[in-house]
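Asks: Any chance you can model this:
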Amino acid sequence: MSKRKVLIFGATGEIGSRIANLAVRAGHEVIGVTRGRAKADYVDLSGIEFRTGDKYDESFLATLSDIKPDAVIDSIGCDRMIPIIQKYFPDAENVLFCSSTGSYVPLQYFPADEKHPWQQNTGLNFFHQCEWDMKALAECEAGRFPITILRPTNIIGETRVPLELWGGRNIEFYKTLKEGRTLFIPRVRDVMVQSGYNWDLASAFVKALDKGDAVVGEIFNISCRKAITLGEFLNTAVSYLNSTSEIVELSDEDLQKAYPGKISMHYGLDFLKLHMCFDMRKAETILGYDPQVTAQEGLIRSLRWLEENGKL
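Replies: Prediction:
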């Protein structure tokens, strides 16, 4: 498609800023909505017209009525935005929401594609996100909301503390490795993980802008191309950091005792134990999505950025 006017909510966030950057580079006219410019120093946001305010503030939203975008992108799409977009941007031809592959877990088959069950509350999936997605798709089916849902996997890359084997993003995990101290981990080395590099994930949203009606009502999984085990993930960090740490596997109970207050269970360690392995072929075929960075390289880029910025 030709140049489009694109309104991006969350345009200085980790994914939103990269979507905005790539959209400008692709020749689109970009208006970014943000509550602040906290991460602007890490991504070139020149060429973007910024409007600063809260996306749920009706008085602020009224000031955006002059924009009349062809497409709206919300980097943290939720159901509260559906009536807002319908009210203030009724002529938008495409609306892109960022969802999550956490909607699918626990996986019933590998790799999980977009037809994998996700509408039920499994007790482990991000069911609030599932509910948001269902509402958006129902409005689309009724002809009132031209939604496209993109589901990234675990995000990795510059500006982001990577996932670790305690089930979170605690930089102390990587400091322990770098300093060569004994590291206690759960028994998860054989669990599959599939991380998506932040610039690759952002590129999928920009590619969707070129597809118009062809992507309305569709869901796309986006990530790197190949899952690896958490053992491979850990070995990549050990190798990059030249770690001499002794790594000791513990039971969940003993791990919590070893790191009191650092290990959460339900959406932490319990979630980490779930296999993450997803099929990208739909995004590759329809969007032309072409991820360039592997999970291992994404982890290295994350750690390098943390080192270069004095955080590790």
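Asks: And stretch 138-157, end to end?
Replies: This stretch, stretch 138-157, spans 34 Å end to end (CA to CA, to the nearest Å).
Asks: got the buried residues for it?
Replies: 139-140, 145-157 (16 or more other CB atoms under 10 Å). For the C-beta atoms, the positions are set from N, CA and C on the backbone; glycine is no exception.
Asks: ok, of these, which one's closest to Gln296?
Replies: Ile156 (9.8 Å; CB to CB).
Asks: check contacts around the closest one.
Replies: Contacts for Ile156 (CB atoms under 8 Å, 6 or more residues apart in numbering) come out as 162-163, 195-198, 295, 298-299, 301-302.
Asks: From Pro162, how far out is it?
Replies: Distance from Ile156 to Pro162, counting by CB to CB, to the nearest Å: 5 Å.
Asks: List the residues that are in contact with both of these two.
Replies: With CB under 8 Å, 6+ apart, Ile156 and Pro162 have common neighbours 195, 298-299, 302.
Asks: Among these, name the ones in strands.
Replies: Ser195 (DSSP state E).
Asks: Buried residues in stretch 189-198, which are they?
Replies: Buried, per 16+ other CB under 10 Å, within stretch 189-198: 189, 191-198.
Asks: The nearest residue to Phe145 once chain neighbours are set aside: what's it in contact with?
Replies: Distances taken as CB to CB, 6 or more residues apart in numbering place Glu139 nearest to Phe145, at 3.6 Å, with adjacent residues excluded. If you count contacts by CB under 8 Å, 6+ apart, Glu139 has them with 82, 86, 145, 147.
Asks: farthest-separated two in the residues you listed?
Replies: Farthest pair in the contacts of Glu139, by CB to CB: Gln86 and Ile147, 10.8 Å.
Asks: which residue ranges form the helices in the stretch 201-312 of the chain?
Replies: Per DSSP state H, counting those that start in this stretch, the stretch 201-312 of the chain carries helices over the ranges 230-240, 252-258, 270-272, 281-282, 295-308.
Asks: Looking at these, which is nearest to Asp91?
Replies: helix 281-282 (27.8 Å).
Asks: what residues does the closest one touch?
Replies: Applying CB under 8 Å, 6+ apart, the set of residues contacting helix 281-282 is 113-114, 218, 220-221.
Asks: swap in stretch 222-233?
Replies: 101, 110-111, 150-153, 163, 165, 188-197, 200-201, 204, 272, 275-278, 280, 283, 289, 291, 293-296, 298-299.
Asks: So which bits of it are buried?
Replies: Within stretch 222-233, the residues that count as buried by 16+ other CB under 10 Å are 222-225, 227-228, 230, 233.
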